[in-house]
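# Give the three-dimensional model of this entry:
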Amino acid sequence: MRRQWLTGLIREVHTASRQTYGSRLVHVELTRGMDIVVSENLVAEPMRLAGIVSLPGPAKVKRFKGVSTADDLVHRKFPYLSPNKLWVNYITEHPSPRREGVLLCFCLQPVFGRSRSDWSSRGGLRTRTGTGRV
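You can find the predicted model right below:
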């Protein structure tokens with residue numbers, strides 16, 4: 001009797017979520033949103049029996065054993081104690097607010113000091129000095 005009642009509640013929560021919630025999120029909604037004491041397994045079992053499924057999650061990255069993604073040119077050691085010996089950079093991509101494309105931001109930072117040079121496609125080159133920036 002309780003499982004039939006619980007299956008009805010699970011269907012309501014699943015439908016209210018536009019059929020996107022899986023057993024974990026349905027469990028959270030039942031326990032925190034509706035104050036119903038129920039375990040996650042007790043939610044998963046009626047969902048499986050009733051054929052209630054969620055949307056697939058984010059795509060998983062496939063890792064291949066023994067295949068290196070990039071050469072380690074510094075051997076993961078950064079012992080440089082003087083300026084201009086080792087610099088690191090990173091690139092980030094941001095969507096344009098008006099959907100005109102993407103904005104690429106480049107950052108070049110020395111391992112030794114705290115200064116960094118930023119470059120974006122609009123602003124040009126600028127140098128910043130400060131702590132707490134990476």
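
# Return the residues in contact with the closest residue to residue 42 other than its chain neighbours.
Counting by C-beta to C-beta, 6 or more residues apart in numbering, residue 6 is the residue found nearest to residue 42 once chain neighbours are left out, at 7.1 Å. (Glycine included, C-beta is placed from N, CA and C.) The contact partners of residue 6, taken as C-beta atoms under 8 Å, 6 or more residues apart in numbering, are 38, 42-43, 46.

# For residue 6, pull up the helix or strand it's in.
helix 2-16 (DSSP states H and E).

# Which residue is the nearest non-sequential neighbour of residue 36?
residue 30 (4.7 Å).

# Shouldn't the one you found be within a helix?
Yes - judged by DSSP: H, G, I helix; E, B strand; the rest coil, residue 30 forms part of a helix.

# Enumerate every residue touching it.
9-10, 13, 36, 38, 43.

# between those residues, which is closest to residue 91?
residue 13 (41.6 Å; C-beta to C-beta).

# Confirm for me that that closest one is in contact with residue 26.
Yes - between residue 13 and residue 26 there is a contact under C-beta atoms under 8 Å: 5.0 Å.

# what ranges of the chain fall below the confidence cut-off?
For the chain, the stretches flagged by pLDDT under 70 are 58-59, 61, 67-81, 99, 112-134.

# 50 instead?
For the chain, the stretches flagged by pLDDT under 50 are 123-134.

# list the helices and strands the strand or helix carrying residue 41 packs on?
For residue 41, the element it lies in under DSSP H and E is helix 40-50. Applying 3 or more C-beta pairs under 8 Å, 6 or more residues apart in numbering; DSSP states H and E, one finds that helix 40-50 makes contact with helix 2-16, helix 23-28.
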